[in-house]
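Trainee: My questions are about this predicted structure, shown below with the sequence.
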Amino acid sequence: MVLVRSAARLSRAVAPRQAAISKRFASALASSASDVEVPRYDVLVVGGGIVGSALACQLKSNPVFKGKKVAVIETAAPAPAGPVEEDSPDLRVYTITPASQALLESAQVWDKMPESHKASFADMQVWDAMGDGFIRFNAEKAGRKSLGHVIESKVLVRALHDRMNELAADESDPEPLKLFCPAKLKHFRRPNDTSFLSEVTLEDGTRVAADLVVAADGANSIIRTLTALGTWGWDYDQQAVVATVKTDVASHTAWQRFFPTGPLALLPMRDGYSSIVWSCTQEMAQELTALSPEEFVERLNEALFAPANTPVPPEFPGLPVLTDLVKGVNAAVNTVMSAAALSDPFVSPPKPVEVVGRRFAFPLKMKHATSYVKPGVALIGDSAHTIHPLAGQGLNLGLADVQSLANLLVDGVKSGENLSSEYFLAQYEADRKRANVSMALAMDGFKRLFGPAPDAVGVARNVGMGTLNAVEPLKHQIMRYAMGL
């Protein structure tokens with residue numbers, strides 16, 4: 001009788017659990033039955049721009065993802081195949097760090113770009129328009145061949161699309177990459193109580209299900225909005241004016257001069273061209289874009305070569321000891337700066353002589369998603385974060401997201417993980433969120449540091465730049481951080 005009662009108690013205890021399991025199993029079967037005509041993918045990338053395409057290429061270039069189903073949805077028509085036209089450079093360019101280069105090499109994209117269109121730079125010079133402070137970074141001193149490459153958007157996009165087309169036609173892969181391009185998202189459903197899969201419906205009625213949907217659809221991400229992932233950030237009330245210029249001599253140095261209105265960057269490109277990114281007030285941006293080409297070149301040279309407006313060290317009436325102390329510190333720092341300049345002297349940038357093509361301006365803002373993941377969804381690139389462009393790190397952060405998420409997904413496939421699990425995906429967020437927020441806040445801090453400020457702040461800023469230029473180990477650490485190493 002004791003055994004019977006024990007068995008009865010055990011049966012009553014197990015029954016609810018069995019019922020729950022049966023219910024979930026029945027739900028899964030019902031979902032499977034209803035989705036029988038809907039193709040299911042392991043990873044569905046929404047957005048076939050640079051970051052989304054890079055993720056697709058990186059995953060399908062890994063042997064672990066052979067036989068795994070990966071698809072990309074992109075609204076724009078695919079880039080034309082074949083070599084890049086030898087015309088004037090693209091207005092939009094990217095600074096690619098060594099870490100991003102390594103990712104593109106791993107995805108077998110890097111070698112698809114002509115060497116002539118990958119403009120490497122070995123030096124970088126940053127200087128202040130409101131003082132004599134400057135910093136020079138040199139790749140050789142950091143044990144590197146280059147600090148990075150400046151690559152036109154059309155060149156990088158063409159290489160990525162060529163690689164995706166290869167992967168889509170790969171007969172050695174039982175499940176080659178699937179491209180929905182051009183295609184537009186109409187509806188998105190996240191996993192719910194009746195289905196553990198996400199589902200996307202395209203405007204032509206095509207339905208696609210996936211274990212994991214990766215949002216790579218930009219700063220105004222539809223997937224992020226429909227997933228109810230909020231954002232925080234602010235507008236800078238600034239715009240960046242972008243242009244391409246010819247310079248009097250070719251350069252392998254990236255140049256950046258800081259003004260109270262914002263930084264001006266001159267980035268070396270192929271064939272003696274340079275890319276201009278001039279961050280400034282909205283009123284100034286309207287003025288710069290309205291100038292004639294000749295007037296714009298004149299304003300550009302004025303900005304690059306105008307003498308520094310050196311701030312005056314503050315005085316403290318009634319406190320002569322403190323005034324003398326500040327003057328003494330300033331004199332000592334000037335001595336250090338002069339000594340540092342002997343080994344890393346200031347170099348004048350090349351002179352712009354002609355503006356090529358059109359100019360345009362775009363608004364600057366900082367935006368960051370409150371969370372990068374939800375069950376069955378992950379955000380990468382601009383869908384997760386946008387930052388001030390003063391260091392050219394926006395795309396590199398997105399490609400670092402790609403590397404992190406791809407590594408996690410490969411490990412997950414190896415170990416049989418559920419790719420839609422929020423607990424599993426949280427590892428990606430933990431890896432990238434801190435790095436992205438840190439970079440965003442650092443760029444915001446630089447923007448504010450070099451903005452309008454009292455002379456005392458200007459003096460301190462120049463002291464800091466001069467001191468930093470004299471301390472090689474610290475410069476090396478900054479270079480490694482900027483290169484993503």
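Mentor: In hand now; what should we look at? Numbering: from 1, shown residues only.
Trainee: distance of the closest residue to residue 158 other than its chain neighbours from residue 464?
Mentor: Sequence neighbours aside, residue 79 is the residue nearest to residue 158 in space, at 4.8 Å (criterion: C-beta to C-beta, 6 or more residues apart in numbering). In short, each C-beta sits where N, CA and C put it, glycine included. To residue 464, residue 79 is 44 Å away according to C-beta to C-beta, to the nearest Å.
Trainee: What is the neighbour count of the residue nearest to residue 158?
Mentor: 21 (other C-beta atoms under 10 Å).
Trainee: Does residue 79 touch residue 161 like I think?
Mentor: Yes: between residue 79 and residue 161 there is a contact at 4.2 Å, judged by C-beta atoms under 8 Å.
Trainee: what is in contact with the two at once?
Mentor: Common contacts of residue 79 and residue 161, defined by C-beta atoms under 8 Å, 6 or more residues apart in numbering, are absent altogether.
Trainee: Backbone torsions only: list them for residue 380.
Mentor: phi -140, psi 160 (degrees, to the nearest 10).
Trainee: For it, give me its contacts.
Mentor: Listed by C-beta under 8 Å, 6+ apart, the contact set of residue 380 reads 51-52, 55, 214-216, 372, 398, 401-402, 405.
Trainee: ok, 10 Å please
Mentor: 45, 47, 51-52, 54-55, 214-217, 221, 372, 397-402, 404-406, 428, 432 (C-beta atoms under 10 Å, 6 or more residues apart in numbering).
Trainee: now do residue 271
Mentor: 86, 88-89, 116-117, 119, 246, 250.
Trainee: Out of the residues you listed, which is nearest to residue 445?
Mentor: residue 119 (28.9 Å; C-beta to C-beta).
Trainee: how about the closest one, phi and psi?
Mentor: phi -80, psi 110.
Trainee: Count the neighbours of it for me.
Mentor: Residue 119: 28 neighbours (other C-beta under 10 Å).
Trainee: who does the residue nearest to residue 208 when sequence neighbours are not counted bridge with?
Mentor: Excluding its sequence neighbours, the residue lying closest to residue 208 (C-beta to C-beta, 6+ apart) is residue 200, at 4.9 Å. Residue 200 forms beta bridges with residue 188, residue 208, as assigned by DSSP bridges.
Trainee: Residue 200 and residue 186 touch, don't they?
Mentor: Yes: contact criterion C-beta atoms under 10 Å: residue 200 and residue 186 qualify, at 8.3 Å.
Trainee: The stretch 151-300 of the chain: helices as residue ranges?
Mentor: Secondary structure of the stretch 151-300 of the chain (DSSP state H, counting those that start in this stretch): helices located at 153-168, 222-226, 282-290, 293-305.
Trainee: actually the stretch 301-450 of the chain, not the one I typed
Mentor: Using DSSP H, counting those that start in this stretch, helices in the stretch 301-450 of the chain cover 320-343, 394-415, 422-449.
Trainee: Repeat that for the stretch 1-150 of the chain.
Mentor: 2-34, 50-60, 98-106.
Trainee: Could you tell me the least trusted of these?
Mentor: In terms of average pLDDT, helix 2-34 trails the rest of the helices of the stretch 1-150 of the chain, at a mean of 39.
Trainee: surely residue 144 meets residue 124?
Mentor: No: Residue 144 is not in contact with residue 124 according to C-beta under 10 Å; the separation is 11.8 Å.
Trainee: okay, and the common contacts of these two?
Mentor: Joint contacts of residue 144 and residue 124 (C-beta under 10 Å, 6+ apart) are 138, 479.
Trainee: So which of the two has more stuff around it?
Mentor: Per other C-beta under 10 Å, whichever of residue 144 and residue 124 has more neighbours is residue 124, with 20 against 17.
Trainee: mind checking how far that one is from residue 416?
Mentor: 46 Å.
Trainee: swap in residue 212?
Mentor: Taken as C-beta to C-beta, the span from residue 212 to residue 416 is 15 Å.
Trainee: When the two are compared, which one has more neighbours?
Mentor: More neighbours surround residue 212 than the other of residue 212 and residue 416, with 26 against 6 (other C-beta under 10 Å).
Trainee: who touches the nearest residue to residue 157 once chain neighbours are set aside in this structure?
Mentor: Distance criterion C-beta to C-beta, 6+ apart; nearest residue to residue 157, sequence neighbours excluded, is residue 79 at 5.1 Å. When contacts are counted by C-beta under 10 Å, 6+ apart, residue 79 touches 48, 53, 154-162, 164-165, 181.
Trainee: rerun at 6 Å
Mentor: Counting by C-beta atoms under 6 Å, 6 or more residues apart in numbering, residue 79 makes contact with 157-158, 161.
Trainee: pLDDT of stretch 62-75, averaged?
Mentor: 97.
Trainee: should've said stretch 296-312
Mentor: Here the average pLDDT along stretch 296-312 is 84.
Trainee: buried stuff in it?
Mentor: 296-297, 299-300, 303-304, 311 (16 or more other C-beta atoms under 10 Å).
Trainee: again, but for stretch 127-141
Mentor: For stretch 127-141, by 16+ other C-beta under 10 Å, it's 127-139.
Trainee: roughly how far out does that stretch sit from the chain middle?
Mentor: Distance, stretch centre to chain centre, for stretch 127-141: 24 Å (C-alpha atoms, centre = their mean, to the nearest Å).
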